[in-house]
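Chemist: here are the coordinates; sequence isn't available:
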């Protein structure tokens, strides 16, 4: 039996076709950077069954502020995972350089062992650059990473990820941690 994965990310580069509403997905094939990286870590025994963009998640609960907003969206992702009858949630969220958002996401990640939650510092484009071998002392800023990649399509970013042979080894702790989490979650749920 194959595990069913629900995939959440911020946009098309993160989650490919899953960012699009259901009727329009059939025309697309991309799984985005997160889906492609997950397949590299655990190539079999699971499939992406459903997914959605972060902005389309239901907001569950009450409260204000960044922390509560992140918690409510994450609760919405867990609900959507159950509704889709999926076994595992793969969830990616850029920090956009916000230490507060990174702290909240880290707390959520550490409290849910059945979820592979990517705390992406500062954005998914930075991960792609790192896997391509483009390193920058002190890391990439969101704007710098996006400018460095220019107008690469999701398919081109997926190709960079697919071509990555494990070298150079990721420097960023957030990427290393997420790769380990994906492998753990997708193999322990089988």
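Modeler: The structure has been received and is ready for your questions. Note that the structure is a prediction, hence the values are computed from the model and not measured.
Chemist: CA only for contacts and neighbour counts going forward, please
Modeler: OK.
Chemist: Low-confidence stretches in the protein?
Modeler: Applying pLDDT under 70 to the chain flags the ranges 1, 62-63, 188-190.
Chemist: Please enumerate the strands of it.
Modeler: Remark: strands assigned in the chain by DSSP state E are 3-9, 46-53, 88-94, 115-120.
Chemist: any chance of the ones you listed in JSON lines, with mean neighbour count too?
Modeler: Shown next, in JSON lines, are those (neighbours: other C-alpha atoms under 10 Å):
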{"stretch": "strand 3-9", "mean neighbour count": "25"}
{"stretch": "strand 46-53", "mean neighbour count": "21"}
{"stretch": "strand 88-94", "mean neighbour count": "25"}
{"stretch": "strand 115-120", "mean neighbour count": "25"}
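Chemist: Stretch 110-130 spans what distance, first to last residue?
Modeler: 24 Å (C-alpha to C-alpha, to the nearest Å).
Chemist: still on that earlier bit, export the strands of the chain to a markdown table and append columns for distance to residue 149.
Modeler: Output for the strands of the chain, formatted as a markdown table (distance: least, C-alpha to C-alpha, whole Å):
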| stretch | distance to residue 149 |
| --- | --- |
| strand 3-9 | 19 |
| strand 46-53 | 21 |
| strand 88-94 | 16 |
| strand 115-120 | 16 |
